[in-house]
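Peer 1: I would like the atomic coordinates for the input below:
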Amino acid sequence: MFMLGAIVTWMAGQYFGINYWVMLLLSPIIVGVLGLAIERLLLRHLYQLDHLYGLLLTFGLTLFIEGMLRSVYGASGLAYSAPEALNGATDLGFMILPNYRAWVIFSSLTVCFATWYLIEKTSIGAYLRAGTENPKLVQAFGVNFPLMTTLTYGFGVALAAFSGVLAAPIIQVSPLMGSNLIIVVFAVVVIGGMGSIMGSILTGLALGLIEGLTKVFYPQASSTVVFAIMVIVLLFRPAGLFGREK
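Peer 2: Numbering: from 1, shown residues only. You can find the predicted model right below:
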């Protein structure tokens, strides 16, 4: 879905001339609707089974979508330019920060903390968290939890698409761009702690900084430093840094 967000944005610009700012709003909606359809038509039938079946289904969908787009656009990558308003860079004294990357940092943090607030500090988030523990009890209070599950899945897919739009001008848009990221995302969730949104946010930021510094001082280890940290964390705290021990 991260990849689809970027691909849809590139296609809209290439074929219809729709600019970046419009697609920053439109692409998450388009891909989010696809997510709603996937949950309604496919995933909903697997909730009573082992979680492994859901994993296998979504992995199969990943391979299908990736292969279909790869046959059309290839795997070499497609260039997508940043909007003119964000060209250039700013001298911070200790570094030169490209304006577009500053925008990515700002927008990412805003969306991350808004999502955390929604889930942790609102009544909707309370219903959602309670429903993941005991859906029948939540439905007994009149909450349509199946609909809430569908909307939550669609929202998560839309967030992935949003991040794909942000990434499009930084890395080449490619059908394989999601595959290169998914293992790192898995490591972030494991290190931060399953079920902890704040843990994932803080861990993602920290690991990004650590990986960036590693590329500067010891490039050979930049591709493995995240997994080395994951192993160390799991040895001493299996639930993750912010996860709850059961």
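Peer 1: buried residues, stretch 20-39. List them.
Peer 2: Of all the residues in stretch 20-39, those buried under the rule 16 or more other C-beta atoms under 10 Å are 20, 23-24, 26-28, 30-32, 34-36, 38-39. C-beta here means a position set from N, CA and C on the backbone, and glycine is covered the same way.
Peer 1: and the residues you listed, which is closest to Ala89?
Peer 2: Tyr20 (18.0 Å; C-beta to C-beta).
Peer 1: next up, the contacts around that closest one.
Peer 2: Thr9, Gly13, Ala82, Pro83, Val165, Pro169 (C-beta atoms under 8 Å, 6 or more residues apart in numbering).
Peer 1: nearest to Ala187, of those?
Peer 2: Nearest member of the contacts of Tyr20 to Ala187, counting by C-beta to C-beta, is Val165, at 23.3 Å.
Peer 1: count of neighbours near that closest one?
Peer 2: Neighbour count for Val165, taken as other C-beta atoms under 10 Å: 25.
Peer 1: that one reaches Ala6, doesn't it?
Peer 2: Yes. Between Val165 and Ala6 there is a contact under C-beta atoms under 8 Å: 6.4 Å.
Peer 1: can you pull out the helices in the chain?
Peer 2: Taking DSSP state H as the criterion, the chain carries its helices at 2-16, 20-41, 51-73, 99-121, 123-133, 135-140, 145-167, 179-192, 197-217, 225-236.
Peer 1: per-residue confidence for the residue lying farthest from the centre of the chain?
Peer 2: Relative to the C-alpha centroid of the chain, counting by C-alpha atoms, centre = their mean, Ala140 is the outermost residue, at 32.3 Å. Note on Ala140: pLDDT of 87.
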